[in-house]
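Peer 1: Turn this into a model:
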Amino acid sequence: MNDPSRRSDPTRRLISGVAAALFAIGCSTPSSLPPERHDPPAISAPAPSSAAAVPPPHSCCVGNQEVQRLDGVRVRVVGLYAPVHLSKRIERADGGHPGPPMASTAALETSYGLTFMLEIYYGPKGIRPLDEIERFAGRRVEIVAVLHARTPSQEGDDGQAQTMVGPYLGEIESIGQAP
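Peer 2: Coordinates of the predicted model:
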């Protein structure tokens with residue numbers, strides 16, 4: 001019994017205990033698990049759709065203070081859909097078709113005198129689909145999007161800022177006829 005190899009030091013006891021516990025867990029069968037582990041799941045209502053989990057957008061905007069307050073927030077804005085002609089975009093929007101140039105982007109003009117560009121007008125998303133422009137031009141629409149109080153600046157080749165810096169509606173979720 002005085003054999004040093006059979007002597008138990010604290011580290012050896014700890015390793016043996018951990019190994020025994022892992023072995024017991026690995027060898028357990030479903031019948032040896034606690035009852036709550038293999039009970040059938042409770043029947044519940046179906047998970048809500050992602051649309052149901054998203055809070056409704058804020059109605060917006062009656063003035064510049066509200067635009068500043070709701071900067072970066074998902075909003076619902078109602079106004080007049082107004083096509084916008086940008087001289088640098090004309091050739092890209094109309095594809096060189098004869099006749100007057102077609103609008104390439106759009107703005108929303110509210111009854112409170114506010115104007116919101118749709119997306120960053122000089123970026124790729126700012127080019128609105130021609131069918132959208134034709135369908136909504138001059139009509140009262142409702143747009144759900146993220147309100148941005150200021151359009152990011154764009155510099156020209158000469159290093160000077162060449163952009164309108166007003167508010168815009170980005171990450172547009174929907175555009176539809178206003179009720």
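Peer 1: Please count neighbours and contacts with C-alpha atoms only from this point.
Peer 2: Fine.
Peer 1: Can you spell out which residues form a bridge with E109?
Peer 2: Bridge pairing for E109 (DSSP bridges) gives the partners L80, T115.
Peer 1: Can you give me the neighbour number for it?
Peer 2: For E109, the neighbour count with other C-alpha atoms under 10 Å is 20.
Peer 1: show me what contacts it?
Peer 2: G79, L80, Y81, A82, T115, F116 (C-alpha atoms under 8 Å, 6 or more residues apart in numbering).
Peer 1: so what pLDDT did the residue nearest to the third one when sequence neighbours are not counted get?
Peer 2: In other words, Y81. Closest residue to Y81 apart from its sequence neighbours, by C-alpha to C-alpha, 6 or more residues apart in numbering: L108 at 4.9 Å. pLDDT recorded at L108 is 97.
Peer 1: L108 and G79 touch, don't they?
Peer 2: Yes. Look at L108 against G79 with C-alpha atoms under 8 Å: they come within range, at 5.6 Å.
Peer 1: Quick check: which ranges of the protein have low pLDDT?
Peer 2: 1-52, 87-102, 155-164 (pLDDT under 70).
Peer 1: Which parts of it are strands?
Peer 2: Under the criterion DSSP state E, strands of the chain are mapped to 58-60, 74-84, 105-109, 115-118, 140-148, 168-177.
Peer 1: would you turn these into a markdown table with distance to R128?
Peer 2: Compiled in a markdown table, those are given as follows (distance: least, C-alpha to C-alpha, whole Å):
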| stretch | distance to R128 |
| --- | --- |
| strand 58-60 | 22 |
| strand 74-84 | 9 |
| strand 105-109 | 5 |
| strand 115-118 | 8 |
| strand 140-148 | 14 |
| strand 168-177 | 11 |
